[in-house]
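Novice: Build me a model from this:
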Amino acid sequence: MINARSSGSLHRQVRRMLILCIAVVVLLSTSVGLGIGLYQEVRTRDQLLSNAAQMAADAPLLIEDIRADNAQQYLARTVRRVSEVDMLGVYDIKGKPTVFYDLVSGTGDASLLPELKADTVSRLCSEEKPVLSNDEMPDGADRCAYAVMRDENGQVTGIVMAGLYLRSYHRTVLRVLLSYLLITLFALGIGSLLSVRFSKRVKREMLGYEPDAFRQLFLQRMDILDALDEGLMAIDEHSMITYMNRAAADILKIKVKDALGQPLKTVYPRSTMARVLQTGKSEYNIGLESIKHVSVISDRMPLWRDGKVEGVIAIFRNRTEVTRLAQDLTGVQHIVGALRAYTHEFTNKLHVILGLLQLGEYKQAEDYVLHLTQTRAHSIGYISERIREPSVAALLIGKVYRAAELGIRFVLDPASELHGDGQYLPASSLITILGNLTENAFDALRDAPENAQKEVTVSIREGEHGMLISVDDSGAGIAADKLDRIFERGFSTKGEGRGTGLSLVKETVNAFHGTIRVESEPGIGSSFIITVAESANGQQ
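Specialist: Below you'll find the predicted structure:
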């Protein structure tokens, strides 16, 4: 399994992921904010530049007396006071510069200003508000605003220009960048501290596992649960299905994706899982008779959290194959079949006796009963003398009646002998071997012609060094191309649902280190010969 317990290091994956996410968010937010801030700064700068131009254009000193010395002093005072302006200039109504002051040089030379073109003057004079323009600017200027001076009669007396150098704009941008850089560093610092605390909480909720380790562990356990032969299904407190593995879906004959998130009553209408939500008590070995196509038993356990039942998980165990194999291994079906045959034949004999009595043939009925009793006593005594293991003897007696029912002559070799001490094979293993081999022999004779000799011979011999078991039939034999496959589980020439009997015989013989040999000749019959050596049972 995965061991991913953390030691609280800042370099663990949860914290790295959180810090990375916070850094991305902070940087994205800062970038967006920086763009918006620069845009607003430019708009603010343009507005202040326009206001400065309009303020200068509205100054009484410039409107009433535009003498160079007075105007230049006013422009110098204004430029020094207004930080958003680097230069101020005045043009006459023909576009020729008359006054200029430059904050960078501290002086003003009107000749440094380019003349305004006639169409520019005309355009500016037609505007009521200041106009921003990048045309006809002084060298080094980045942006200029122009405002028209008017006298008290509204006549244009001149044009005022307010400008800003490019390096001033660079200083503005740098100031904004530094501000946002400090904000970013502060946000990253706070985010890192928060991520450390948040990651500790997340890891506590994840039981101390890192995300990749938790994911891998989760997927591994999901694969394990899906690989189980037992079905698993879970519901929440509202009886909605929250989990179902492959085996449970197969038992309920539904697809997992169609069941998840659905009400229990929709997927499995006759389920009683929901009552565990009410009682809070586990239920074990509940037979699900509502599921007809397989034999299923179920366990249901409540899921508790904080003292409250928040769901139920059910385990479905498919017992169909297990029950059938258990019956084959223990010989139950063979014993039951033998008893059924005995009952069937006994019923037929009773009908004969009843008929004789109704006909008034009392003497003949008496003779028939005596003969039947002697015959049965002889048959039972014959087998019991040679087979001293009661369960094996009962099986063979039952096979005698089964053979009679099928019209087959069943013969126990007179040389047969079984002591019943289990020296070489236990009784249960003998029942598995003899029951399956005799039924296989009966099947071989089932389709034989009516006039054909139908005979099955069984021989069981114990000696000082081992045991020999043989079952012979006079059937049609086994084709040579199928001899190598008759012991494969699921292989059968008799149709679907067969092919386990001989494989069980082979597995039982192998378990006791014995050998099994098959001799078959088409048209004559087949023989299955099993030998178990002296030390075989002791090795188990």
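Novice: Are we agreed that residue 33 is in a helix?
Specialist: Yes - counting by DSSP: H, G, I helix; E, B strand; the rest coil, residue 33 is part of a helix.
Novice: what about it, how many neighbours?
Specialist: Neighbour count for residue 33, taken as other C-beta atoms under 10 Å: 15. From N, CA and C alone the C-beta is placed, and that goes for glycine too.
Novice: cool, residue 148 as well?
Specialist: 23.
Novice: partner residues bridging it?
Specialist: For residue 148, the beta-bridge partners are residue 159 (DSSP bridges).
Novice: could you point out where the stretch 51-200 of the chain is predicted with low confidence?
Specialist: 61, 63-69, 199 (pLDDT under 70).
Novice: Please enumerate the strands of it.
Specialist: Assigned by DSSP state E, counting those that start in this stretch, the stretch 51-200 of the chain shows strands spanning 87-91, 97-102, 131-133, 141-150, 156-165.
Novice: again, but for the stretch 301-450 of the chain
Specialist: Using DSSP E, counting those that start in this stretch, strands in the stretch 301-450 of the chain cover 308-318, 409-412.
Novice: circling back to that earlier point, would you format the strands of the stretch 51-200 of the chain as JSON lines with distance to residue 196 included?
Specialist: Listed next are the strands of the stretch 51-200 of the chain as JSON lines, based on distance: least, C-beta to C-beta, whole Å:
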{"stretch": "strand 87-91", "distance to residue 196": "53"}
{"stretch": "strand 97-102", "distance to residue 196": "55"}
{"stretch": "strand 131-133", "distance to residue 196": "50"}
{"stretch": "strand 141-150", "distance to residue 196": "46"}
{"stretch": "strand 156-165", "distance to residue 196": "46"}
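Novice: By mean pLDDT, point me to the weakest helix or strand of this protein.
Specialist: Lowest by mean pLDDT, DSSP states H and E among the helices and strands of the chain is helix 320-330, with a mean of 55.
Novice: Report the secondary structure state of the most centrally placed residue in the chain.
Specialist: Most central in the chain under C-alpha atoms, centre = their mean is residue 222, positioned 5.6 Å from the mean C-alpha point. Following three-state DSSP, we place residue 222 in the helix state.
Novice: Check the one 10 residues further on too.
Specialist: In terms of secondary structure, residue 232 is strand; the call rests on three-state DSSP.
Novice: Run a quick check on it versus residue 249, I expect a contact.
Specialist: No - assessed by C-beta atoms under 8 Å, residue 232 is found out of contact with residue 249, at 10.1 Å.
Novice: Nearest to residue 462, out of the strands of the stretch 301-450 of the chain?
Specialist: Nearest to residue 462 among the strands of the stretch 301-450 of the chain is strand 409-412; the distance by C-beta to C-beta comes to 14.3 Å.
Novice: How far away from the center of its chain is the closest one?
Specialist: With C-alpha atoms, centre = their mean, to the nearest Å as the basis, strand 409-412 stands 59 Å off its chain's centre.
Novice: Which strands border that strand, and is each parallel or antiparallel?
Specialist: strand 455-462 (parallel).
Novice: what comes into contact with the strand it pairs with?
Specialist: 386-387, 392, 396, 399, 403, 408-413, 415-419, 423-424, 430, 434, 438, 441-442, 445, 467-474 (C-beta atoms under 8 Å, 6 or more residues apart in numbering).
Novice: just to revisit the earlier point, so can I have a markdown table of the strands of the stretch 301-450 of the chain showing distance to residue 194, mean neighbour count and mean pLDDT?
Specialist: Listed next are the strands of the stretch 301-450 of the chain as a markdown table, based on distance: least, C-beta to C-beta, whole Å; neighbours: other C-beta atoms under 10 Å; pLDDT from 0 to 100:
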| stretch | distance to residue 194 | mean neighbour count | mean pLDDT |
| --- | --- | --- | --- |
| strand 308-318 | 31 | 18 | 86 |
| strand 409-412 | 88 | 18 | 89 |
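Novice: Show me the shaky parts of the stretch 401-540 of the chain.
Specialist: In the stretch 401-540 of the chain, residues with pLDDT under 70: 490-499, 534-540.
Novice: mind listing the helices for it?
Specialist: Here the stretch 401-540 of the chain has its helices, by DSSP state H, counting those that start in this stretch, at 427-446, 501-511.
Novice: can you tell me which of those helices comes nearest to residue 37?
Specialist: Here helix 501-511 is closest among the helices of the stretch 401-540 of the chain (C-beta to C-beta), at 82.2 Å.
Novice: what helices or strands is the closest one leaning on?
Specialist: Packing partners of helix 501-511 (3 or more C-beta pairs under 8 Å, 6 or more residues apart in numbering; DSSP states H and E): helix 320-330, helix 427-446, strand 515-521, strand 525-533.
Novice: Most tightly packed of these?
Specialist: helix 427-446 (a mean of 22; mean count of other C-beta atoms under 10 Å).
Novice: before we move on, the earlier item: what's the distance between the residue nearest to the centre of the chain and residue 511?
Specialist: 36 Å (C-beta to C-beta, to the nearest Å).
Novice: And for residue 111?
Specialist: Taking C-beta to C-beta, one finds residue 111 at 119 Å from residue 511.
Novice: what's the answer for residue 183, then?
Specialist: 79 Å.
Novice: go on, residue 272?
Specialist: Counting by C-beta to C-beta, the gap from residue 272 to residue 511 is 41 Å.
Novice: can you check residue 130 too?
Specialist: Residue 130 is 107 Å from residue 511, by C-beta to C-beta.
Novice: Show me which of these two is the more surrounded one.
Specialist: For residue 130 versus residue 511, neighbours defined as other C-beta under 10 Å are more numerous around residue 130 (24 against 13).
Novice: what domains does the record give for the protein?
Specialist: 67-166, 229-318, 327-539 (automatic domain parsing).
Novice: one step back: ok, which of the helices of the stretch 401-540 of the chain comes nearest residue 318?
Specialist: Once the helices of the stretch 401-540 of the chain are compared by C-beta to C-beta, helix 501-511 is nearest, at 19.7 Å.
Novice: now the closest one: how far from the chain's centre is it?
Specialist: Centre to centre, stretch against its chain (C-alpha atoms, centre = their mean), the figure for helix 501-511 is 39 Å.
Novice: Measure how that helix sits relative to strand 525-533, angle-wise.
Specialist: Angle of helix 501-511 versus strand 525-533, following axes from the mean of the first three to the mean of the last three C-alpha atoms, to 10 degrees, is 20 degrees.
Novice: Now helix 501-511 - C-alpha only, PDB.
Specialist: C-alpha atoms of helix 501-511 as PDB (Å, rounded to 0.1, in the frame of the first residue of the first chain):
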ATOM      1  CA  GLY A 501     -18.100 -33.700 -13.100                       C
ATOM      2  CA  LEU A 502     -14.900 -35.200 -14.700                       C
ATOM      3  CA  SER A 503     -12.900 -32.000 -13.800                       C
ATOM      4  CA  LEU A 504     -13.900 -32.500 -10.100                       C
ATOM      5  CA  VAL A 505     -12.800 -36.200 -10.400                       C
ATOM      6  CA  LYS A 506      -9.500 -35.100 -11.800                       C
ATOM      7  CA  GLU A 507      -9.000 -32.400  -9.100                       C
ATOM      8  CA  THR A 508      -9.800 -34.800  -6.300                       C
ATOM      9  CA  VAL A 509      -7.400 -37.500  -7.700                       C
ATOM     10  CA  ASN A 510      -4.700 -34.900  -8.000                       C
ATOM     11  CA  ALA A 511      -5.300 -33.700  -4.500                       C
END
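Novice: buried sites along it?
Specialist: Within helix 501-511, the residues scored as buried using 16 or more other C-beta atoms under 10 Å are 501, 502, 503, 504, 505, 506, 508, 509.
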